[in-house]
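> sequence? don't have it. structure:
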């Protein structure tokens with residue numbers, strides 16, 4: 001059983017969906033600290049003038065606030081603004097309506113958190129990309145411990161034999177914990193071909209809605225990395 005764990009993100013890039021498609025079950029790490037000015041509540045679209053942020057306003061009160069506790073600020077018409085900016089910048093894309101429908105079609109009440117919104121949007125995009133990986137929120141698992149110990153608790157509760165991580169985690173993961181618990185550790189490869197895209201030189205670090213707007217049903221053929229994931233620790237049988 002290969003498990004992947006990432007914090008939820010607002011309409012994330014295609015690598016996020018490659019990651020989900022690469023595991024047997026995917027966990028949204030939503031009961032950890034919310035970080036400001038991060039991917040949790042924003043992402044980028046491509047425009048004739050370069051990339052532009054779409055940001056969901058949230059209520060941020062304290063550093064210890066969790067992602068699953070961070071509510072959306074509905075004092076501004078942010079959703080209408082995002083839809084309008086998508087419409088203005090992708091109206092020439094051949095499948096603009098598909099991207100628009102995903103963003104417009106998510107239903108949530110005014111008490112929703114940024115985690116609720118991100119998870120619902122991710123589910124909608126997975127459906128479009130024909131990704132069937134089960135999706136779980138870490139807040140459902142009653143985890144104990146901190147740092148790598150907490151991650152190991154999550155993996156054991158899901159009967160993981162392999163953990164797929166982003167390579168940026170290398171600086172803080174305790175490799176010995178994986179050896180001790182006989183869990184294989186792999187780092188995700190993010191290596192992609194460009195796809196047909198509007199507005200000048202190719203820009204890969206944008207929301208997956210850019211890929212969907214430009215490629216439509218063929219988008220699912222553009223989300224898998226060209227190079228294999230890197231094995232860091234093999235699973236010991238002893």
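Cool, got the structure. Quick caveat: nothing in here was measured; it's all calculated off a predicted structure.
> show residues contacting the longest helix seen in the chain.
Among the segments of the chain that qualify as a helix by DSSP state H, the longest is helix 114-128. For helix 114-128, the external contacting residues (C-beta atoms under 8 Å, 6 or more residues apart in numbering) are 8-12, 16-17, 20, 28, 30, 34, 40-41, 56, 58, 67-68, 70-72, 98, 102-103, 105-108, 132-133, 135, 137, 208-209, 212, 219. Any C-beta I mention is one placed from the backbone N, CA and C, and that applies to glycine too.
> in the protein, which spans are helices?
14-21, 78-90, 96-105, 114-128, 147-157, 175-180, 208-215.
> just name the most buried of these.
helix 208-215 (a mean of 26; mean count of other C-beta atoms under 10 Å).
> who are the packing partners of that one?
Secondary-structure packing of helix 208-215 (3 or more C-beta pairs under 8 Å, 6 or more residues apart in numbering; DSSP states H and E): helix 14-21, strand 42-47, helix 78-90, helix 96-105, helix 114-128.
> low-confidence regions, the chain specifically.
Low-confidence segments of the chain, defined by pLDDT under 70, are located at 237-238.
> residue 161 touches residue 233, doesn't it?
No - using C-beta atoms under 8 Å as the test, residue 161 is too far from residue 233 to be in contact (11.9 Å).
> the residue lying closest to residue 129 once chain neighbours are set aside: neighbour count?
In space, and not counting its chain neighbours, residue 129 is closest to residue 220: 4.6 Å by C-beta to C-beta, 6 or more residues apart in numbering. Neighbour count of residue 220, defined by other C-beta atoms under 10 Å: 17.
> against residue 13, how distant is residue 220?
From residue 220 across to residue 13, the span is 15 Å (C-beta to C-beta, to the nearest Å).
> good, we can wrap up now.
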